[in-house]
Every structure is written in structure tokens, then in C-alpha cells.
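[1] Here is a sequence together with a model predicted from it:
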Amino acid sequence: MTAGRVVTVFAAKGGCGKTTFATNLAVALHAAGRRVCLVDLDLAFGDIAGSLTLTPRGTLSVGDRVWANMPLSAYRPGLDCVPAPMRPGDAERMPPTLVRELLILLSTRYDYVVVDTPARLSAHVLTALDVSSHRVLLTTPERPALAHLRVTLDMLDLLSIRGNTRTVVVNRADEQTGLTAADIDEILRNPVAAYLPSTWELAASINRGVPLAESEPHHPFSTAVRRFADTRIRGEEVSESLF
Ligand SMILES: Nc1ncnc2c1ncn2[C@@H]1O[C@H](COP(=O)(O)OP(=O)(O)OP(=O)(O)O)[C@@H](O)[C@H]1O
Ligand SMILES: [Mg+2]
């Protein structure tokens with residue numbers, strides 16, 4: 001059996017849309033017939049469980065230890081979720097090695113493991129970025145978010161995480177921020193893989209507990225996420241099977 005892929009969604013600036021994108025990406029991969037697990041690594045303030053209507057499915061064993069505070073929950077058959085722990089302090093007690101074990105274990109059970117992260121390079125996040133086969137780096141078209149992303153890219157360069165194992169996605173790309181695509185390119189000095197539109201319907205979808213990619217698969221936001229999933233994430237399956 002080939003191991004599944006771990007895809008981590010990260011942005012060093014808060015509120016860029018990591019949770020929104022990770023959730024909709026997981027739905028898009030699942031809609032393509034893949035087994036998907038969405039992991040909430042925003043251990044202190046994770047809100048995946050709050051933005052999906054989940055059904056508890058028991059507890060995951062990691063090696064001979066138990067991922068006691070991260071029960072596995074089902075969203076749809078073939079789309080599971082590991083929500084963040086609920087009790088304060090749980091996050092701090094969790095060793096980063098457990099994150100590595102969890103992601104590796106999940107990659108043996110699912111085709112894709114999509115990881116949502118907090119907006120800081122914690123040891124847990126660095127571990128997830130390291131274990132991942134693909135990293136999606138999100139930004140909005142605002143100078144602080146772009147500057148944070150540039151620093152993140154520098155750090156990934158230092159770790160030799162380059163080429164097509166990382167992609168940059170600009171969320172809320174159509175908002176009138178005064179920056180052109182050329183300005184964004186100049187600040188980032190890195191190609192942009194996808195531009196996602198802004199839409200109020202995302203807030204409504206989060207409140208309903210059903211991601212927009214599921215409730216409205218033909219919405220421009222859902223279409224953009226699906227295209228990204230098909231070309232940048234599942235595209236690697238195609239190129240691997242050719243060689
Ligand atoms: N493309 C978009 N159009 C409109 N609203 C959006 C878009 N993407 C995200 N949002 C909204 O922006 C807010 C922040 O999004 P989200 O929670 O996904 O960001 P985050 O990066 O996970 O934040 P945090 O750093 O707090 O974890 C939410 O209210 C969400 O509905
Ligand atoms: Mg979030």
C-alpha cells in the first residue's frame with residue numbers, strides 16, 4: 001500500500017483563511033473519491049470542529065500511546081477529522097514527536113491528510129511542515145500578510161523545502177487593497193499557484209457547519225479550490241503514475 005500524502009496549510013499572519021481553505025480542500029479531495037482526514041493542529045484555538053458538523057468515531061492509537069484528547073470524528077464516510085483538544089493546557093503538554101507519529105500513522109490510513117495550523121511556527125507546526133509532502137502557504141493581498149509569507153518562504157528555503165512541494169495561494173484576491181498582481185509578485189518573489197475570490201457566503205457556510213465546496217460546488221470559490229486540488233495536489237498522483 002502506498003502512503004497517503006500529508007498537505008499542511010499555513011500562514012504566519014492570522015485570519016488569512018487557513019481553516020476555511022483546509023476545510024474546503026479536504027472536501028474537494030473527498031469529492032474526487034479520495035479518503036481524507038482533516039487534522040486540526042491549531043491546538044489552542046482550533047475551530048474545525050466548530051465549523052463542521054461532526055460525529056465522534058472513537059480514539060486514535062498512536063504507536064503504543066493513545067492520542068487521548070484527539071478523538072477521530074466522521075464528517076462524511078471517507079472524510080474524517082481529528083479535532084483540536086478542548087481542555088486548556090492540552091496543547092502545551094503534547095510533544096511534537098506525537099504530531100509526527102500521528103501524521104505518519106494517518107498517512108497510512110488515508111489518501112490525503114490535510115493539516116490546519118495556527119498562525120505561528122510552533123514546534124508542532126514545524127514538525128507538520130517537515131512531515132508533509134506538500135505545503136500550501138496562504139496570504140491575503142495586504143503588505144503585512146505578504147511580508148510574513150516572505151519570511152516563511154525564507155525559512156522554508158533554509159530547510160530546503162522548495163520547488164513544487166510548496167505552493168503560494170492568495171485568498172480574498174479580488175478585494176480592492178490597492179496592490180496589483182505585479183506588486184504581490186514583487187514582494188513575494190515566488191510564483192502564485194492560485195487566487196481565491198472573496199465571498200460573504202463563506203461565513204454563512206461556516207455558521208451552517210457545511211463547507212461551501214460541498215453545499216455549492218459550482219461557486220467561484222469552490223471551483224478555485226477544486227482546480228487547485230486537481231492540478232496542484234492530485235496532479236502529483238497523475239505524474240507519479242506516469243513514471
Ligand atoms: N475568501 C474569503 N472570502 C470571504 N471571507 C473569507 C474568505 N476566506 C476566509 N474568510 C473569512 O475570514 C475569517 C478568517 O478565516 P479563517 O478562520 O479561515 O482564517 P484562519 O487563517 O484560519 O484564522 P486563524 O489564524 O485565526 O486560525 C473567517 O470569518 C472566514 O469566514
Ligand atoms: Mg484557523
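    Happy to help now that I have it. Owing to the predicted nature of the structure, the values given are computational and were not obtained by experimental measurement. Ligands and ions are numbered 1, 2, ... in the order given.

[2] list the contacts for the residue of the chain found nearest ligand 2?
    When scored by C-beta to the ion, the chain has residue 19 as its residue closest to ligand 2, at 3.3 Å. For every residue, glycine as well, the C-beta is placed using N, CA and C. Neighbouring residues of residue 19 by C-beta atoms under 8 Å, 6 or more residues apart in numbering: 42, 46-48, 51, 116.

[3] Can you say which of these are buried?
    42, 46, 48, 51, 116 (16 or more other C-beta atoms under 10 Å).

[4] List the ones among those that fall in strands.
    residue 116 (DSSP state E).

[5] Intersect the buried ones among the contacts of residue 19 with the contacts of ligand 1.
    Contacts with ligand 1 within the buried ones among the contacts of residue 19, as defined by C-beta under 6 Å from any ligand atom: residue 42.

[6] Around ligand 2, pick out the residues from the protein.
    Residues of the chain that fall close to ligand 2, judged by C-beta under 5 Å from the ion: 18-19.

[7] same thing but 8 Å
    Within the chain, the positions adjacent to ligand 2 are 14-15, 18-20, 22, 42, 45-48, 116-119 by C-beta under 8 Å from the ion.

[8] The chain: strands as residue ranges?
    5-10, 36-40, 55-62, 65-76, 79-82, 112-116, 134-139, 166-170, 192-195.

[9] Would you list the phi and psi of residue 219?
    phi -60, psi 150 (degrees, to the nearest 10).

[10] The nearest residue to residue 169 once chain neighbours are set aside: neighbour count?
    What sits nearest to residue 169 in space, not counting adjacent residues and going by C-beta to C-beta, 6 or more residues apart in numbering, is residue 194, at 4.7 Å. The criterion is other C-beta atoms under 10 Å. On that basis, residue 194 has 20 neighbouring residues.

[11] Could you do residue 108 as well?
    By other C-beta under 10 Å, 11 other residues sit near residue 108.

[12] Please report the distance of it from residue 21.
    According to C-beta to C-beta, to the nearest Å, residue 108 stands 25 Å off from residue 21.

[13] residue contacts, residue 223?
    The neighbours of residue 223, taking C-beta under 8 Å, 6+ apart as the test, are residue 217.
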